[in-house]
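Colleague: Predicted model and sequence follow; I will ask about them next.
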Amino acid sequence: MENTKKIKKIKRLKFMILISIFLLVIMFFAPINFITSPKNLTLALIFIAVLFLVIIEIISLSEKGGFLIEILDVLAVVFPFYLCYLIVTCFFLFIARINGASMEPNFHDNELILVNRFNVSYERFDVVFVNVSKERTSYYRDDSFLKRIVGLPGEIIEYKDDKLYVNGVVVPEPFENGITNSFNFGDVCKIKETSCQVIPEDYYFVLGDNRENSTDSRIIGLVHKNDLFGKIIYVY
């Protein structure tokens, strides 16, 4: 009897480990658009609740239900862990992988970044994770970018002779970047193809550090604060 119980415990532990690894793999490779969306979190909660109800119903219809009860025991441990991960990534912290060279030489392709989402206030030159919305920008599709905030609400941003001008005053950029071609504010201040006089409230002007190879506010237009999904606090 004791050996049988030990074998069952070992099998259950192996099963839990396999499911945990499977969920971790899914979470690591899940699109950032999914893990940063409260809507998707709600859908995940509903799915898990329905799954539990189905399993419980199957057990109630089973005469013995031994193996199914073991599965339910495992899921009762694994899924709360998964839910905690979803809650943390949607509202507090999440890990993302940099895709592309638009932030070189300061950030590199395939580097992992830790993004803070909790109680964030944005300042000039903060590096932020941008979840681009085609509904609020001039970009043709939803996408995710790593960019640097250059312009704040109420400001006029221009570049002349590779220098940043904020409201007509030169502002040094304390980081390495490529050559920034000159442009007037009127050429880039746009929200869904609508021009503006200054950066409106709740909007930001973002650029990639690799100025010669970056899809940023010069193309996608201004970014709304609701599309800023946190500030980078660590790179590894």
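Modeller: Happy to help now that I have it.
Colleague: how about the helices of this protein, start to end?
Modeller: Under the criterion DSSP state H, the chain contains helices at 2-29, 32-35, 38-61, 66-91, 185-188, 217-220.
Colleague: Could I have the CA atoms of the last one written out in PDB?
Modeller: Presented in PDB, the C-alpha positions along helix 217-220 are these (Å, rounded to 0.1, in the frame of the first residue of the first chain):
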ATOM      1  CA  SER A 217       6.300  58.700 -34.200                       C
ATOM      2  CA  ARG A 218       7.700  60.000 -37.500                       C
ATOM      3  CA  ILE A 219       5.700  57.200 -39.200                       C
ATOM      4  CA  ILE A 220       3.100  56.000 -36.800                       C
END
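Colleague: Quick check: buried residues in it?
Modeller: By 16 or more other CB atoms under 10 Å, the buried positions in helix 217-220 come out as 217-218, 220. For every residue, glycine as well, the C-beta is placed using N, CA and C.
Colleague: residues touching the residue lying closest to residue 97 once chain neighbours are set aside, list them.
Modeller: Spatially, and ignoring its direct neighbours in sequence, residue 97 is nearest to residue 112 (5.7 Å; CB to CB, 6 or more residues apart in numbering). Counting by CB atoms under 8 Å, 6 or more residues apart in numbering, residue 112 touches 95-98, 235-236.
Colleague: closest to residue 122 among the buried residues of helix 217-220?
Modeller: Nearest to residue 122, judged by CB to CB, of the buried residues of helix 217-220 is residue 217 at 13.9 Å.
Colleague: The closest one contacts residue 206, correct?
Modeller: Yes: at 5.1 Å, residue 217 and residue 206 qualify as touching, with contact defined as CB atoms under 8 Å.
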